[in-house]
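**Q** 3D model of this:
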Amino acid sequence: MRYHKVEQWESKLKRVFDRVDDYLEEKYGRKYPLHPARPSRGATSSKSHDGLFNIGASFSAGFGSKRGPGYVVEVRMVTLTRVPQFIRDQIEQEAVERLREELPKEFPDRELKVERDGPVYKIYGDLRFETRS
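**A** Numbers count the residues shown, from 1 in each chain. Predicted structure coming up:
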């Protein structure tokens, strides 16, 4: 049963990332050319496989981390064009702000935070897979 609950959790998280992706695509998607091998926005069934951005996270057990276990957030731009670091930082910060707005919509019964954890951003907090009674 736990496997099903993990899938449900990560499905909700994917919906959050898709909304953040939509926001970034609308704002920045036409400012940089796509990698030649990357399909245009909306060309596939997954926002992570097309368009300029791939927003996602991978679980970290949090060993050696200040924040403990959580999901390490990745904001990836798929272009061959050099994007200045200050623009990348701005995009990452906007993605984090959107995550903070969107997470409570999918997880209203959880206290989840998005904060820097060393060199990365991490979603952490109430990561239990069961629902509260």
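**Q** Give me the buried positions along the biggest helix by length in the chain.
**A** Under DSSP state H, the helix in the chain containing the largest number of residues is helix 2-28. Neighbour counts using 16 or more other Cβ atoms under 10 Å place 9, 13-14, 16-17, 19-25, 28 of helix 2-28 among the buried residues. Using the backbone N, CA and C atoms, a C-beta is placed for each residue, glycine as well.
**Q** Paired strands for the helix or strand just after it, with orientation please.
**A** Using DSSP states H and E, the helix or strand that follows helix 2-28 towards the C-terminus is strand 53-60. Here strand 53-60 is paired, per DSSP bridges, with strand 70-77 (antiparallel).
**Q** end-to-end on stretch 65-72?
**A** 11 Å (Cα to Cα, to the nearest Å).
**Q** which residues sit against stretch 115-133?
**A** 2, 5-6, 8-9, 13, 57, 60, 62, 65-73, 92, 96, 99, 103, 107, 109-114 (Cβ atoms under 8 Å, 6 or more residues apart in numbering).
**Q** tell me the contacts of the nearest residue to Lys105 once chain neighbours are set aside?
**A** Distances taken as Cβ to Cβ, 6 or more residues apart in numbering place Val16 nearest to Lys105, at 7.6 Å, with adjacent residues excluded. Counting by Cβ under 8 Å, 6+ apart, Val16 makes contact with Leu99, Glu102, Leu103, Lys105, Glu106.
**Q** Can you tell me which of these lies closest to Gly42?
**A** Glu102 (19.9 Å; Cβ to Cβ).
**Q** For that closest one, what is the enclosing helix or strand?
**A** Going by DSSP H and E, Glu102 is part of helix 85-106.
**Q** Report the backbone C-alpha coordinates of that helix in PDB.
**A** Taking C-alpha atoms only, helix 85-106 is exported to PDB below (Å, rounded to 0.1, in the frame of the first residue of the first chain):
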ATOM      1  CA  GLN A  85      24.200  33.500 -14.000                       C
ATOM      2  CA  PHE A  86      22.200  36.400 -12.700                       C
ATOM      3  CA  ILE A  87      19.300  35.400 -15.000                       C
ATOM      4  CA  ARG A  88      19.500  31.800 -14.000                       C
ATOM      5  CA  ASP A  89      19.400  32.900 -10.300                       C
ATOM      6  CA  GLN A  90      16.400  35.100 -11.000                       C
ATOM      7  CA  ILE A  91      14.600  32.300 -12.700                       C
ATOM      8  CA  GLU A  92      15.400  29.900  -9.900                       C
ATOM      9  CA  GLN A  93      14.100  32.400  -7.300                       C
ATOM     10  CA  GLU A  94      10.900  32.900  -9.200                       C
ATOM     11  CA  ALA A  95      10.400  29.100  -9.400                       C
ATOM     12  CA  VAL A  96      10.900  28.900  -5.600                       C
ATOM     13  CA  GLU A  97       8.400  31.700  -5.000                       C
ATOM     14  CA  ARG A  98       5.900  29.900  -7.300                       C
ATOM     15  CA  LEU A  99       6.500  26.600  -5.500                       C
ATOM     16  CA  ARG A 100       5.800  28.300  -2.100                       C
ATOM     17  CA  GLU A 101       2.500  29.500  -3.600                       C
ATOM     18  CA  GLU A 102       1.500  26.200  -5.300                       C
ATOM     19  CA  LEU A 103       2.400  23.600  -2.700                       C
ATOM     20  CA  PRO A 104      -0.400  24.500  -0.300                       C
ATOM     21  CA  LYS A 105      -2.900  24.100  -3.100                       C
ATOM     22  CA  GLU A 106      -2.000  20.400  -3.600                       C
END
